[in-house]
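Student: using only what follows, build the 3D model:
(one chain, ligands or ions: 2)
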Amino acid sequence: MKDPNCIFCKIANGEIPTNTVYEDDHFRAILDAGPATKGHTLILPKEHAANLFELPEDMAAEAMKVAKKVGEMLKEKLHADGLNLVQNNGEVAGQTVHHFHIHVIPRFEGDGQKIGWNPKSPTAEEQEAILKEIL
Ligand code: 5GP
Ligand code: ZN
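Tutor: Ligands and ions are numbered 1, 2, ... in the order given. Have a look, this model is predicted:
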């Protein structure tokens with residue numbers, strides 16, 4: 001299903017032309033309009049899924065294969081020193097476009113970007129309590 005109000009559905013399905021890095025039957029990878037680094041690419045499924053929770057399992061597996069392929073291509077062609085895969089789900093997690101996508105971000109020595117979080121220092125008891133909630 002495509003969502004007629006979703007810009008990434010239109011881009012993924014070629015209704016809005018964009019800079020395509022890779023395409024197959026189920027995915028299109030495009031250059032991000034607001035890149036963190038040179039070659040920052042987004043992998044979009046052609047079928048609409050708002051986020052990881054809505055994405056069918058087989059498409060999730062395919063998406064990671066595409067991320068590997070695109071990541072290797074960017075690393076080789078742009079001579080990247082490293083690579084981040086970033087995938088946000090929900091506004092609280094930083095998602096701004098609600099059509100599943102994986103950011104493939106080539107990293108270069110001295111590129112000045114920072115992708116991360118402030119690490120906390122939980123006690124052993126706190127970790128145990130979290131495990132009890134999860135399992
Ligand atoms: P999110 O914050 O949802 O994980 O990432 C959305 C990304 O989509 C951002 O990095 C933003 O720059 C990119 N973006 C938003 N609209 C467009 C667009 O119309 N075209 C392209 N190529 N990228 C877009
Ligand atoms: Zn969509």
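Student: give me the helices and strands touching the longest helix seen in the chain, please.
Tutor: When secondary structure is assigned using DSSP state H, the longest helix within the chain turns out to be helix 57-78. For helix 57-78, the elements it packs on are strand 20-23, strand 27-31, strand 41-45, strand 82-86, strand 102-107, judged by 3 or more CB pairs under 8 Å, 6 or more residues apart in numbering; DSSP states H and E. (Each C-beta comes from the backbone N, C-alpha and C, glycine too.)
Student: among these, which is nearest Pro119?
Tutor: Judged by CB to CB, the one of those that comes nearest to Pro119 is strand 82-86, at 17.0 Å.
Student: let me know whether the closest one sits next to ligand 1.
Tutor: No - Strand 82-86 lies apart from ligand 1 when judged by CB under 6 Å from any ligand atom; the minimum separation is 7.0 Å.
Student: pull up the pairing partners for that strand, direction included.
Tutor: Looking at strand 82-86 with DSSP bridges, its paired strands and their directions are strand 102-107 (antiparallel).
Student: mind checking what helix or strand follows the strand it pairs with in sequence?
Tutor: Moving toward the C-terminus from strand 102-107, the first helix or strand encountered (DSSP states H and E) is helix 124-134.
Student: next one: the residue lying closest to Gln95 once chain neighbours are set aside from Leu135, what distance?
Tutor: In space, not counting the residues next to it along the chain, Gln95 is nearest to Asn88; the distance is 4.0 Å by CB to CB, 6 or more residues apart in numbering. In this structure, Asn88 and Leu135 are separated by 26 Å, where distance is defined by CB to CB, to the nearest Å.
Student: so for the two, which sits in the more crowded spot?
Tutor: Comparing Asn88 with Leu135 by neighbour count (other CB atoms under 10 Å), the higher total belongs to Asn88, at 17 against 5.
Student: tell me what the most centrally placed residue in the chain is bridged to.
Tutor: Relative to the mean C-alpha position of the chain, the nearest C-alpha, by CA atoms, centre = their mean, is the one of Ile102, at 1.3 Å. On DSSP bridges, the residues paired with Ile102 through beta bridges are Ile43.
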